[in-house]
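Undergrad: quick one, what's the 3D model for this:
(chains A and B)
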There are 2 protein chains.
Amino acid sequence: MAPKRLVCFLAVAAALATTCHGWGAGAGDVVSSSAAALSFVDRLRQMMIPAAVGDGDYCDSWRVGVEANNVRGWTAAPRKCDNYVENYMRGHHYRRDSKVVVDEAAAYAEAAVLSGDPAADANATWVFDVDETALSHVKFYKKHGFGYHRTDEPAFMEWLIAGRASALPNTVTLYKKLLLLGVKIVFLSDRPDTPELRNATATNLIKEGFDCWDELILRSENSTATGSVVEYKSGERKKLEEEKGMVIIGNIGDQWSDLLGSPEGRRTFKLPNPAYYIDNYKRAGAAVRAAVAITASSSSSSS
Amino acid sequence: MAPKRLVCFLAVAAALATTCHGWGAGAGDVVSSSAAALSFVDRLRQMMIPAAVGDGDYCDSWRVGVEANNVRGWTAAPRKCDNYVENYMRGHHYRRDSKVVVDEAAAYAEAAVLSGDPAADANATWVFDVDETALSHVKFYKKHGFGYHRTDEPAFMEWLIAGRASALPNTVTLYKKLLLLGVKIVFLSDRPDTPELRNATATNLIKEGFDCWDELILRSENSTATGSVVEYKSGERKKLEEEKGMVIIGNIGDQWSDLLGSPEGRRTFKLPNPAYYIDNYKRAGAAVRAAVAITASSSSSSS
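TA: Residues are numbered from 1 along each chain as shown, chains lettered A, B, ... in the order given. Just a heads-up that it's a prediction; the model follows:
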């Protein structure tokens, strides 16, 4: 299929310097329908299961503790909150919490750009995390369980390489607004930078409506890859500012390890995620890389 | 009334180096009964008014946005959330959210001290904010409204000087645990350091069960007082570490401006507060000082 570059250029006239990859998404179809509305099953689920059942009150407070970076270092949500977390992520609650974050980010970005802030010039840049920020893996968790440890199983890597994740619809809204404001876009992910996964990530992003960016940074095997997630991501942000002259006016992610570490960006925005926690000091990349190796090995042996 | 120093010393044998001020509180009465349970009116209110009415869903998400430091710079909660905020703070929701934070803090402190962490030696220190962290002003807001701007009216200063604020019961639990662990205690507040307010603050803290501390720091009129809240508080934390050799293992407050700015402390804990926001870059002290001046002037003219 020929690239539909025009689609993107028409939509984002202010962002001509940005590289766009418009194949796979029509002008009126930048957000997949699966992401735009709850499925019938999920709507039914929301009607049948109240937000707080059993330990719902505790789980609700636990989740707020996670969001405010009070509850750290957990490997899975408390067992008694399994149903709560699943209900939260499959339903309206997750979406309305995300909407407040994204509305705040969009209002901030608009004010920053329109205020004549020196940062809001041609180098104004926004950094997006990818997983559970741009792309949602709820479809994967529906099948594998919401307590699934995403970084330690080949099944998750197979899912990533298949590239079937849906856009988080609120994030698409923010992304489009930033493009229209002429803000540069960087996707910065802890996904390992293998050719297969880079291709899958780019294809999935484009298919879901994120079809323009200045940088798509995945975690390479070089020296930065041996550090913590905070070290890796803040190191990459530093390079964006010092080597590429970008001014990071905003940084959005679903993990505090996306947001901490200088330079954080002028404002940070924490999207909700009670399903998993990536430790600030853990080499998450190493576990994912191991899973890639297992997946590659099993793919080659089965082919 | 003679100081009951023995009460405190018996309870906190591990913290002999800490200065204690045990008057006003009996051994079995360190937490005021008004703080320990919801009032009859508030219990009735909780039964009559559901947690989410009208715009409750939006307000719930807005509150989480505040807690995760996404929603910043607000001068009052959204008007449509007035009832939600009042119901939240007068009821169980505020308490259960606070409990998760405090339980996490207590577990962390215990692990840090028992792990043989070099920080957890005789200099291990915990920094508490005062307002809405140690002492609650919900009683004041019940009378003056929950959208009240606390720093811009003499009525709030009169309330502070009267010293009738109640302890936040979850914070007392953490405080007692830290004393038993031998951790030094510092109260660090943006309240202006006038003799009258220092005396009122100390008296109120002691009356509510916070009767031992190593430092009670209020905001002086010197050069640090001209900066932002973050500059003032981080500057004071730096002095604690560099000049007094303290190792700040924990820092707890209800505002992000209590927690940001190096050195933050090894872990920070954000207690909930949807009732007001103290801007990181605002000279909150200046407004409070102005209110002190007005109050002092009106007191002297009426006496």
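
Undergrad: now do the helices in the stretch 151-300 of chain A.
TA: For the stretch 151-300 of chain A, the helices defined by DSSP state H, counting those that start in this stretch cover A:154-162, A:169-180, A:195-207, A:229-244, A:256-259, A:284-302.

Undergrad: okay, these in JSON lines with mean pLDDT, mean neighbour count and distance to A:Cys20 next?
TA: For glycine as for every other residue, the C-beta is placed from the backbone atoms N, C-alpha and C. Below are the helices of the stretch 151-300 of chain A laid out as JSON lines (pLDDT from 0 to 100; neighbours: other C-beta atoms under 10 Å in any protein chain shown; distance: least, C-beta to C-beta, whole Å):
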{"stretch": "helix A:154-162", "mean pLDDT": "92", "mean neighbour count": "19", "distance to A:Cys20": "23"}
{"stretch": "helix A:169-180", "mean pLDDT": "96", "mean neighbour count": "22", "distance to A:Cys20": "9"}
{"stretch": "helix A:195-207", "mean pLDDT": "97", "mean neighbour count": "18", "distance to A:Cys20": "9"}
{"stretch": "helix A:229-244", "mean pLDDT": "95", "mean neighbour count": "18", "distance to A:Cys20": "18"}
{"stretch": "helix A:256-259", "mean pLDDT": "96", "mean neighbour count": "26", "distance to A:Cys20": "24"}
{"stretch": "helix A:284-302", "mean pLDDT": "43", "mean neighbour count": "16", "distance to A:Cys20": "28"}
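
Undergrad: to B:Met157, which of these lies closest?
TA: Among the helices of the stretch 151-300 of chain A, helix A:256-259 comes nearest to B:Met157, with 36.5 Å by C-beta to C-beta.

Undergrad: how long is stretch A:213-230 end to end?
TA: Stretch A:213-230 has an end-to-end distance of 22 Å (criterion: C-alpha to C-alpha, to the nearest Å).

Undergrad: now it: buried residues?
TA: By neighbour count with 16 or more other C-beta atoms under 10 Å in any protein chain shown, stretch A:213-230 contains the buried residues A:213-219, A:225, A:227-230.

Undergrad: from those, which one has the minimum pLDDT?
TA: Within the set of the buried residues of stretch A:213-230, pLDDT is lowest for A:Ala225 (50).

Undergrad: so which of the buried residues of stretch A:213-230 comes closest to chain B?
TA: Set against chain B, the nearest of the buried residues of stretch A:213-230 by C-beta to the nearest C-beta is A:Val230 (14.0 Å).

Undergrad: list the contacts of the spatially closest residue to the closest one that is not a sequence neighbour.
TA: Spatial nearest neighbour of A:Val230, excluding adjacent residues (C-beta to C-beta, 6 or more residues apart in numbering or on different chains): A:Gly261 at 4.2 Å. By C-beta atoms under 8 Å, 6 or more residues apart in numbering or on different chains, A:Gly261 lies in contact with A:230-231, A:233-234, A:237.

Undergrad: which bits of the stretch 201-303 of chain A sit near chain B?
TA: A:267-270, A:272 (C-beta under 8 Å from any C-beta of the partner chain).

Undergrad: at 7 Å what do you get?
TA: Applying C-beta under 7 Å from any C-beta of the partner chain, we find that the stretch 201-303 of chain A lies next to chain B at A:269-270.

Undergrad: for chain B, what is the nearest residue in the stretch 201-303 of chain A?
TA: Per C-beta to the nearest C-beta, A:Lys270 is where the stretch 201-303 of chain A lies closest to chain B, at 4.4 Å.

Undergrad: I'd like to know how many residues surround that residue.
TA: Counted with other C-beta atoms under 10 Å in any protein chain shown, the neighbours of A:Lys270 add up to 25.

Undergrad: again with A:Gly250
TA: A count of neighbours around A:Gly250, defined by other C-beta under 10 Å, yields 22.

Undergrad: just checking, it touches A:Gly265?
TA: Yes - assessed by C-beta atoms under 7 Å, A:Gly250 is found in contact with A:Gly265 at 5.7 Å.

Undergrad: tell me the contacts of A:Gly250?
TA: Residues near A:Gly250 by C-beta atoms under 7 Å, 6 or more residues apart in numbering or on different chains: A:105, A:108-109, A:126, A:265-267, A:269.

Undergrad: beta partners of it?
TA: A:Gly250 forms beta bridges with A:Trp126, A:Arg267, as assigned by DSSP bridges.

Undergrad: for it, give me the pLDDT.
TA: Listed pLDDT for A:Gly250 reads 97.

Undergrad: re the thing from before, with distance to A:Tyr94 added, can I get the helices of the stretch 151-300 of chain A in a markdown table?
TA: What follows is the helices of the stretch 151-300 of chain A, written out as a markdown table (distance: least, C-beta to C-beta, whole Å):
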| stretch | distance to A:Tyr94 |
| --- | --- |
| helix A:154-162 | 19 |
| helix A:169-180 | 10 |
| helix A:195-207 | 20 |
| helix A:229-244 | 23 |
| helix A:256-259 | 17 |
| helix A:284-302 | 22 |
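
Undergrad: need the residues of the stretch 1-150 of chain A near chain B, please.
TA: A:57, A:61-62, A:64-65, A:67-68, A:70-71, A:96-97, A:100-101, A:104.

Undergrad: out of those residues, list just those in strands.
TA: Among the residues of the stretch 1-150 of chain A next to chain B, no member falls in strands (DSSP state E).

Undergrad: pLDDT, neighbour count and distance to A:Leu180 added to those residues, as JSON lines?
TA: Listed next are these as JSON lines, based on pLDDT from 0 to 100; neighbours: other C-beta atoms under 10 Å in any protein chain shown; distance: C-beta to C-beta, whole Å:
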{"residue": "A:Asp57", "pLDDT": "92", "neighbour count": "16", "distance to A:Leu180": "41"}
{"residue": "A:Ser61", "pLDDT": "97", "neighbour count": "23", "distance to A:Leu180": "38"}
{"residue": "A:Trp62", "pLDDT": "97", "neighbour count": "26", "distance to A:Leu180": "38"}
{"residue": "A:Val64", "pLDDT": "98", "neighbour count": "26", "distance to A:Leu180": "33"}
{"residue": "A:Gly65", "pLDDT": "98", "neighbour count": "25", "distance to A:Leu180": "36"}
{"residue": "A:Glu67", "pLDDT": "98", "neighbour count": "25", "distance to A:Leu180": "29"}
{"residue": "A:Ala68", "pLDDT": "98", "neighbour count": "25", "distance to A:Leu180": "32"}
{"residue": "A:Asn70", "pLDDT": "97", "neighbour count": "25", "distance to A:Leu180": "36"}
{"residue": "A:Val71", "pLDDT": "96", "neighbour count": "22", "distance to A:Leu180": "37"}
{"residue": "A:Arg96", "pLDDT": "96", "neighbour count": "17", "distance to A:Leu180": "24"}
{"residue": "A:Asp97", "pLDDT": "97", "neighbour count": "27", "distance to A:Leu180": "25"}
{"residue": "A:Val100", "pLDDT": "97", "neighbour count": "23", "distance to A:Leu180": "21"}
{"residue": "A:Val101", "pLDDT": "98", "neighbour count": "25", "distance to A:Leu180": "19"}
{"residue": "A:Glu104", "pLDDT": "97", "neighbour count": "20", "distance to A:Leu180": "18"}
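
Undergrad: which one of the residues you listed is nearest A:Arg79?
TA: Set against A:Arg79, the nearest of the residues of the stretch 1-150 of chain A next to chain B by C-beta to C-beta is A:Trp62 (11.7 Å).

Undergrad: so A:Lys192 bridges to which residues?
TA: Just to correct that, residue A:192 is Pro rather than Lys. Beta bridges link A:Pro192 to A:Arg219 when assigned by DSSP bridges.

Undergrad: how close does it sit to A:Phe140?
TA: The gap separating A:Pro192 from A:Phe140 is 18 Å, by C-beta to C-beta, to the nearest Å.

Undergrad: now for the helix or strand encompassing A:Ala107, which elements pack on it?
TA: Using DSSP states H and E, the element containing A:Ala107 is helix A:92-114. The contact analysis (3 or more C-beta pairs under 7 Å, 6 or more residues apart in numbering or on different chains; DSSP states H and E) places helix A:92-114 against helix A:169-180, strand A:247-253, strand A:267-270, helix B:56-67.

Undergrad: show me what contacts A:Ser234?
TA: The contact partners of A:Ser234, taken as C-beta under 7 Å, 6+ apart, are A:261-263.
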